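Novice: All I have is the shape, not the residue letters:
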């Protein structure tokens, strides 16, 4: 079995769109993140990729939404907390696929960080649906999985992308 690749194995990523699956399933009360530990754990990966000139696009789930987008399961408040931890702006796109996500990614400069909306707003995420996975992959050149707490799930954003992007 081949060994795991690390960030050192990626090569020159300046200007590349790097989809990074992260764990941002953090506690939130009254619209505010109450524990940033998980954000602190992913900060070194984000900082390294951004520092090398990558366009860092974060993918995550939050909670267990039942029937599509709902404000209580939006990642938007978590973008602000992520920016606070990183000490730099973090953009937010109100969808993880389609024109909204694509336009936000296209507007990025080298080193920028963007958080896409909750992948679980689509039932296809948990089904590891190939068509949905392709829509996620359309916004990236490289895939990095830093969501080890969710890596056991064969979802589009954890397992499916690994088959489509280096």
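Specialist: Nice, thanks for sending it over. A quick note: this is a predicted structure, and the numbers were derived from the prediction, not measured. Numbering: from 1, shown residues only.

Novice: Give the buried residues for the longest helix seen in the chain.
Specialist: Longest helix in the chain by number of residues, with DSSP state H as the criterion: helix 37-51. By 16 or more other C-beta atoms under 10 Å, the buried positions in helix 37-51 come out as 38-39, 42-43, 45-50. Any C-beta I mention is one placed from the backbone N, CA and C, and that applies to glycine too.

Novice: neighbours around the closest residue to residue 108 other than its chain neighbours, how many?
Specialist: Excluding the flanking residues, the one nearest residue 108 by C-beta to C-beta, 6 or more residues apart in numbering is residue 55, at 4.3 Å. Residue 55 has 26 neighbours, counted by other C-beta atoms under 10 Å.

Novice: Show me the beta-bridge partners of residue 114.
Specialist: Assessed by DSSP bridges, residue 114 has beta-bridge partners residue 57, residue 91.

Novice: And the contacts of the longest helix of the chain?
Specialist: Outside helix 37-51, the residues within contact range by C-beta atoms under 8 Å, 6 or more residues apart in numbering are 7, 13, 18, 20, 22-26, 33, 56, 58, 78, 81-82, 85-86, 88, 111-113, 144, 146, 149.

Novice: Could you pick out the buried ones from those?
Specialist: 13, 18, 20, 22-26, 33, 56, 58, 78, 81-82, 85-86, 111-113, 144, 146.

Novice: starting at the chain centroid, how far to the longest helix of the chain?
Specialist: Distance, stretch centre to chain centre, for helix 37-51: 12 Å (C-alpha atoms, centre = their mean, to the nearest Å).
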